[in-house]
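Enquirer: Sequence plus predicted model, see below.
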Amino acid sequence: MPQVRIRQIGPDGKLGDPADAPALVLTDAEWRARLTPEQYRIARGKDTERAFCGALLNNQTPGLYVCVCCGLPLFESTAKYHSGTGWPSFFRPAAEENIREQSDASHGMLRTEILCRRCGAHLGHVFDDGPPPTGRRYCLNSESLRFVPAIDHATRAEAVFAGGCFWCVEAVFRQLNGVLDVTSGYAGGTAETANYAAVSTGRTDHAEAVRIVYDPRKISYETLLKVHFATHDPTTLNRQGNDVGRQYRSAIFYADPQQKKLAEAMLVRLRDSNAFDRPIVTQLEPLAAFFPAEAKHQNYVACHLRDPYVRAVALPKVAKVQSKFKNQLKPPQEILGQPPSRP
């Protein structure tokens, strides 16, 4: 899988440092399934929407404009201005690393095309007639963008769960409306052993875990717990399917007494209702620290749809969420890099 150097939004809502990550490469059929016809025509077909007709032209709400195809952050509302050209215009990108420029000689003109660095989506063109301080005008198509309103940090909450391979657990929670970010990582051990080489031996205290940043106004901690127990087997000790080892244990890492109370209540309900044929062995552990995994493990499923493990293990879990929690899903175009249930 080709790698690109990009900057992504972290759990704190800010752009992180440049880091290598997998490019998102899909077939034409997969892009058509993921996008609306108009999004496909413009973002993948390099077409242009009619002037003064784009849905984001007059948007003045604070927030972030991301790639409609892969969710990579592209432009901030603070850099948006009224150019009078009929298309959303910005005087600088949110991160230079996330934009790629190339010459475009189509339509009898020589212009500079701008594309998403991660997935190659056509965004628009850039011109040297913009305002200070850059003097540049990034002229965008609304259909190539998705707008994410700014979130009040007071409404952000976090949950940390473990339930087998973190690739699968991350893919499950990325689909849910109200989930702002999901990070694969390690919990339960020390900083010295928080790396894949050490954790994969099964001899550390770490579990492969995910940190879920969510908006509690849209989705509750209890709903996250329900999804977690519906998409992994909490009855197998230190194991999920063929993945064996303490790092694959079922665990809830609670950050405060309220999370612990809700998790305990959920376990009681599941046991009293005989929801599983065998005893539940999920561990409740206090969250001392969460350590993000290496960049190559982030959003792994979406970037490796043809991987045999992804097909056999991860995608059925994705499909289960789409079947059991239909009313809790994000619209398809808002699922950042999330694969469909079938590749």
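Expert: That came through fine.

Enquirer: tally of neighbours for residue 97?
Expert: When neighbours are counted by other Cβ atoms under 10 Å, residue 97 registers 18. Bear in mind the C-beta positions are built from the backbone N, C-alpha and C, glycine included.

Enquirer: On the three-state scheme, it is what?
Expert: Following DSSP: H, G, I helix; E, B strand; the rest coil, residue 97 is assigned to helix.

Enquirer: correct me, but it touches residue 16?
Expert: No: using Cβ atoms under 8 Å, residue 97 and residue 16 do not qualify as a contacting pair, with a distance of 10.7 Å.

Enquirer: which residues do those two both contact?
Expert: Here residue 97 and residue 16 have residue 7 as joint contacts, going by Cβ atoms under 8 Å, 6 or more residues apart in numbering.

Enquirer: Residue 184: which element?
Expert: The secondary structure element spanning residue 184 is strand 179-187 (assigned by DSSP states H and E).

Enquirer: Quick check: next helix or strand after that strand?
Expert: In the C-terminal direction, the helix or strand that comes right after strand 179-187 (DSSP H and E) is helix 196-199.

Enquirer: Show me what the very next helix or strand once past that following helix is in contact with.
Expert: Past helix 196-199, heading to the C-terminal end, the next element that is a helix or strand (DSSP H and E) is strand 207-214. Residues external to strand 207-214 that are found in contact with it (Cβ under 8 Å, 6+ apart): 11, 156-162, 164-166, 169-170, 173, 176, 178-188, 199, 224, 246-249, 251, 253, 290, 292-293.

Enquirer: so where is this structure shaky, pLDDT-wise?
Expert: 1, 11-13, 151-154, 332-343 (pLDDT under 70).

Enquirer: how does it divide into domains?
Expert: 3-149, 153-334 (automatic domain parsing).

Enquirer: What residues sit buried inside stretch 72-83?
Expert: Of the residues in stretch 72-83, those buried by neighbour count under the rule 16 or more other Cβ atoms under 10 Å are 72-77, 79-80, 83.

Enquirer: Which residues outside that stretch are in contact with it?
Expert: Contact partners of stretch 72-83, identified using Cβ under 8 Å, 6+ apart, comprise 6-9, 15, 59-67, 88-95, 98-99, 116-119, 123, 130-131, 137-140, 145, 150.

Enquirer: My reading is that residue 171 lies in a helix. Confirm?
Expert: Yes: going by three-state DSSP, the assignment for residue 171 places it inside a helix.

Enquirer: Give me the nearest residue to it, chain neighbours excluded.
Expert: residue 301 (3.9 Å; Cβ to Cβ, 6 or more residues apart in numbering).

Enquirer: repeat for residue 219
Expert: Excluding its sequence neighbours, the residue lying closest to residue 219 (Cβ to Cβ, 6+ apart) is residue 178, at 3.2 Å.

Enquirer: Just the element for the closest residue to residue 24 other than its chain neighbours, please.
Expert: Nearest residue to residue 24, sequence neighbours excluded (Cβ to Cβ, 6+ apart): residue 119, at 4.2 Å. Taking DSSP H and E as the definition, residue 119 sits outside all helices and strands.

Enquirer: Make residue 1 into 48 and carry on from there
Expert: Right, with 48 as the first residue, what we last looked at is residue 166.

Enquirer: Could you report the neighbour count for residue 166?
Expert: Neighbour count for residue 166, taken as other Cβ under 10 Å: 22.

Enquirer: Kindly report the same for residue 293.
Expert: Burial measure for residue 293: 18 neighbouring residues, criterion other Cβ under 10 Å.

Enquirer: can you give me the strands in the stretch 198-347 of the chain?
Expert: When assigned using DSSP state E, counting those that start in this stretch, the strands of the stretch 198-347 of the chain occupy the ranges 204-210, 226-234, 254-261, 286-287, 290-291, 297-301, 330-333, 337-339.

Enquirer: Out of the ones you listed, flag the one nearest residue 372.
Expert: The minimum distance between residue 372 and the strands of the stretch 198-347 of the chain falls on strand 226-234, with 11.5 Å, by Cβ to Cβ.

Enquirer: Tell me the buried residues in the longest helix anywhere in the chain?
Expert: Secondary structure assigned by DSSP state H gives helix 304-319 as the longest helix of the chain. With burial defined by 16+ other Cβ under 10 Å, the residues of helix 304-319 counted as buried are 306-307, 309-310, 313-314, 317.

Enquirer: ends of stretch 56-71, how far apart?
Expert: With Cα to Cα, to the nearest Å as the measure, the first residue of stretch 56-71 is 17 Å from its last.
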